[in-house]
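>>> Could you look at this predicted model? Sequence included:
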Amino acid sequence: KKQQQDVFEERYLRFISILGKGNFGSVELCRYDPLGDNTGDLVAVKELQANKQASMADFQREIQTISSLHCDYIVKYKGICYSAGRLSTKLVMEYLPYGSLIGYMEKHRQNVCTRKLLLFASQICKGMEYLQSMRYVHRDLAARNVLVASDTLVKIADFGLTKIIPVDKEYYRVTQPGESPIFWYAPESISELKFSHKSDVWSFGIVLHELLSYCDISRNPKRLCIQKIGSYVQNSSMAIHLLNLLKNNWRLPAPPQCPPKVHNIMMQCWEFNSEDRPSFSTLQDLIENILLDERE
Ligand SMILES: C[C@H](Nc1nc(-c2c[nH]c3ncc(Cl)cc23)ncc1F)C(=O)NCC(F)(F)F
């Protein structure tokens, strides 16, 4: 179905603030205010940083991806803005006022109970189930790429690394690693740059760990892995050290006060062999069952 508003005119896009910097672009908070009376909508506008090496083709693919997604648990595409001056295209998305999950947890950790964490987890699971149904592999599922729409709704965002699985294959193999977030990567992604729905499941397990750790910076996956590996190891060989740890069955330790049933789900997502990992629909049921079992 056609978006109700596809093209935004740059002259009505009022810059308010920088929301953050992504893989190769920055996202700004703007008000789209054609009437000029501040009654227009707040929007999140992503643009390619001109100097960045990432090609326009990658950004066009990101726009193609997000504009094809229609799901309550995925950040909404609103349209594009052709900025004449800079010959560049801007991606216009809905603005989620509560920001990224990391920032939200830092601020609201006190009044977020385990049930709320599991509600967020099941919503991320539903978003990933939808993404899989569209044959997309996210490749960068992490708490930093989950946005909070309200106290009871989170959405998956940042499709900059998302790829489509070819119909005749089960996985996507990338050519160059890029700035890879290896601490969220499945073993086959680290060793063979292979990405599949099952490697997204591994990353979902890491996100579950982040949620149950309330996105505590002192317990974040990168920090815990480096503590185990040793901070003297330089980046280039960090991947091989992490891979060996995973081969020897080391996994992230259960977060404090993490219910055993939830830690058990994480461990299933972290099965070394991708085919032994649950699907997102199975994960959905596992999480729902915990929510139902532990109803007061
Ligand atoms: C680079 C941008 N970074 C940030 N964005 C926002 C944000 C708040 N509210 C938002 N509403 C819609 C969007 Cl697209 C972003 C924000 N807040 C802090 C950030 F550091 C980003 O896209 N991050 C990936 C993801 F969106 F998943 F968090």
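Okay, I see it. On a predicted model such as this, the values are computed, not experimentally measured, just so you know.
>>> so which strand or helix has K261?
Assigned by DSSP states H and E, K261 belongs to helix 260-269.
>>> Ok, T175 next?
Counting by DSSP H and E, T175 is part of no helix or strand.
>>> what helices or strands is the helix holding K261 leaning on?
If you count contacts as 3 or more CB pairs under 8 Å, 6 or more residues apart in numbering; DSSP states H and E, helix 260-269 packs onto helix 197-212, helix 280-293. Where C-beta positions appear, they are placed from N, C-alpha and C, glycine not excepted.
>>> Which helix or strand lies directly C-terminal to the longest one?
Following helix 197-212 in sequence order, the next helix or strand is helix 221-229 (DSSP H and E).
>>> how far off helix 197-212 does that following helix point, in degrees?
Using axes from the mean of the first three to the mean of the last three CA atoms, to 10 degrees, one finds that helix 221-229 and helix 197-212 are set 90 degrees apart in direction.
>>> now the helix holding K261: how far from the chain's centre is it?
Distance of helix 260-269 from its chain centroid, counting by CA atoms, centre = their mean, to the nearest Å, is 20 Å.
>>> go on, stretch 90-97?
For stretch 90-97, the distance to the chain centre is 15 Å (CA atoms, centre = their mean).
>>> cool, and stretch 251-263?
That offset, for stretch 251-263, works out to 21 Å (CA atoms, centre = their mean).
>>> Residues touching that stretch, excluding its own?
Applying CB atoms under 8 Å, 6 or more residues apart in numbering, the contact partners of stretch 251-263 are 114, 118, 206, 208-209, 212-213, 219, 221, 224-225, 266-267, 270, 290, 293-294.
>>> who touches the residue in the chain that the ligand sits nearest to in this structure?
Closest to the ligand within the chain is G20: 2.2 Å, counting by CB to the nearest ligand atom. When contacts are counted by CB under 8 Å, 6+ apart, G20 touches S26, V27, S100.
>>> Check the second one and give its pLDDT.
In this case it means V27. The per-residue pLDDT reported for V27 equals 96.
>>> Test my guess that it contacts Q49.
No: if you go by CB atoms under 8 Å, V27 and Q49 don't touch, sitting 11.0 Å apart.
>>> what residues are shared contacts of those two?
K21.
>>> Where does pLDDT dip in the stretch 51-200 of the chain?
The stretch 51-200 of the chain contains residues with pLDDT under 70 at 51-54, 86.
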